[in-house]
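> A predicted structure for the sequence below; I have some questions about it.
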Amino acid sequence: MLIFLKQLNQSFTKYLSWIVIATAVLALLLPNLFLWAAGITTYTLQFIMFTMGLTMKPADFSEVLRRPWQVFLVVIAQYVFMPLSALALSTLFDLPTEIALGLLLVGSVPGGTSSNVIAYLANGNLPLSIGSTSVSTLLSPLLTPLILSLYGGAYLDINFWTMFQSIIQVVLLPVLLGLVISHFLGRHTEKAERILPSFSSIAVLLVLAGTVSVNQQNLLSTGLVIFFVVWLHNLSGYGISYLICKLLKRDIPTTRTIAIEVGLQNTGLAANLGLAHFTPATALAAAAGTIVHTLFGTVYANLCRRRDQKDSSQHSTVRPVKVQS
């Protein structure tokens with residue numbers, strides 16, 4: 001059974017982008033099959049956060065202690081630049097109020113749980129990825145509602161404390177519970193850690209399917225526009241990261257990781273907040289973001305690996321020239 005689940009987890013990683021697209025298309029064509037998933041989004045996301053805490057180790061925070069400024073750089077870019085990018089794009093494309101607020105939601109949440117997988121596939125700095133995701137997630141109960149209160153008031157009246165309590169319940173408490181169980185029952189949970197990513201991936205797909213199903217009409221009417229705007233928002237995260245890393249002369253693995261961490265948001269959390277506190281239309285950008293972030297992130301990771309393979313083959317074919325005296 002464990003071998004089967006391990007193979008299943010490898011298949012999820014390998015075909016992640018195609019599975020996400022297939023799930024979205026199925027939910028779009030047959031929304032009634034997945035409407036129930038929208039009703040359990042909170043519990044689904046709590047499970048995802050719980051598995052995240054369960055797989056965390058003290059070593060995951062080593063990068064935070066060794067190079068705290070790099071993690072700080074990711075957090076600043078996530079919580080300062082990405083919300084401003086969302087506001088700029090909403091104004092540029094004159095998005096409807098609820099959709100604009102949804103894009104701001106995507107820009108105000110922490111790094112996505114899939115960013116660690118994408119960073120691994122891209123031959124990035126995995127400790128930095130895990131450390132950045134962990135820190136930004138732990139800070140989200142404070143920073144996400146604060147950003148929404150500051151900027152989201154232009155669209156709707158947003159209560160900071162209601163949002164704060166919601167994120168505490170959905171994100172922080174499940175993560176801390178996972179950490180506690182991992183600390184005291186680590187020996188018993190080690191085997192489960194091999195298969196947890198599979199269950200977490202299924203949970204992410206349920207969030208996506210539920211969000212798409214309740215937004216079928218909105219997606220059909222504004223699909224191309226929202227996908228394009230979300231892609232530009234995603235791309236802006238990659239762009240600002242590359243610019244900063246070039247100025248700071250960071251190495252390639254670190255640059256890739258920072259770009260992925262800033263560009264990929266926790267769209268599951270954004271969808272949950274949109275459905276729980278606002279309207280289904282507010283979760284539209286999160287639904288599109290799950291597809292766009294995963295698809296573009298996987299493509300980006302594949303391009304990175306191909307470049308590394310090309311560079312490796314070029315170096316291996318170079319032979320030293322023997323100079324005759």
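Yep, it's here.

> Quickly note the distance from V74 to T91.
Per C-beta to C-beta, to the nearest Å, V74 is found 26 Å from T91. All C-beta atoms are positioned from the backbone trio N, CA, C, and that covers glycine.

> Those two: which is more packed in?
Neighbour count, other C-beta atoms under 10 Å: between V74 and T91, V74 has more, with 28 against 11.

> In terms of helices and strands, where is the more buried one?
For V74, the enclosing helix or strand under DSSP states H and E is helix 68-76.

> neighbours around P253, how many?
Residues lying near P253 (other C-beta under 10 Å) number 18.

> where does it sit relative to L128, distance-wise?
8 Å.

> What segments of the protein are strands?
Counting by DSSP state E, the chain forms no strands at all.

> can you pull the contacts of P83?
Contacts for P83 (C-beta atoms under 8 Å, 6 or more residues apart in numbering) come out as L104, G107, S108, I147, Y151.

> so who does the fourth one touch?
Listed by C-beta under 8 Å, 6+ apart, the contact partners of I147 are Y79, P83, L104, S108.

> For those residues, give me a markdown table that also has distance to Q70 and pLDDT.
Shown next, in a markdown table, are those (distance: C-beta to C-beta, whole Å; pLDDT from 0 to 100):
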| residue | distance to Q70 | pLDDT |
| --- | --- | --- |
| Y79 | 15 | 95 |
| P83 | 21 | 95 |
| L104 | 26 | 94 |
| S108 | 22 | 93 |
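
> Which pair in these has the greatest spatial separation?
Distance extremes for those: the farthest pair is Y79 and L104 at 12.1 Å, using C-beta to C-beta.

> Comparing the two, which residue is more hemmed in?
Comparing Y79 with L104 by neighbour count (other C-beta under 10 Å), the higher total belongs to L104, at 30 against 22.

> Quickly note the distance from A86 to F278.
Separation of A86 from F278 (C-beta to C-beta): 15 Å.

> Work out which residue lies at the spatial centre of the protein.
G112 (1.9 Å; C-alpha atoms, centre = their mean).

> you'd agree V175 is up against I48?
No: counting by C-beta atoms under 8 Å, V175 does not reach I48; the two are 9.8 Å apart.

> Which pLDDT value goes with I158?
Looking at I158, its pLDDT reads 75.

> how many other residues sit next to it?
When counting by other C-beta under 10 Å, one arrives at 20 neighbours for I158.

> gap between it and A288?
With the distance defined as C-beta to C-beta, I158 ends up 22 Å from A288.

> and what of F227?
5 Å.

> of these two, who's got more company?
Between F227 and A288, counted using other C-beta under 10 Å, A288 has the larger neighbour count: 31 against 17.

> Any figure for the gap between that one and V109?
Distance from A288 to V109, by C-beta to C-beta: 14 Å.

> same deal with S241?
The value you get for S241 to V109, if C-beta to C-beta is used, is 17 Å.

> quick one: which of those two has more around it?
More neighbours surround V109 than the other of S241 and V109, with 32 against 24 (other C-beta under 10 Å).

> follow-up on the earlier one: what are the contacting residues of the helix holding V74?
With C-beta under 8 Å, 6+ apart as the test, helix 68-76 has contacts from 63-64, 111, 128, 131-132, 135-136, 139, 244, 254, 258, 261-262.

> Centre of the chain to it, how far?
17 Å (C-alpha atoms, centre = their mean, to the nearest Å).

> Mind listing what's buried along it?
Q70, V71, L73, V74, V75 (16 or more other C-beta atoms under 10 Å).

> Check stretch 226-236 too.
Buried residues in stretch 226-236, defined by neighbour count with 16+ other C-beta under 10 Å: I226, F227, V229, V230, W231, L232, H233, N234, S236.

> Chain neighbours aside, what residue packs nearest to the last one?
So that's S236. Closest residue to S236 apart from its sequence neighbours, by C-beta to C-beta, 6 or more residues apart in numbering: S85 at 4.5 Å.
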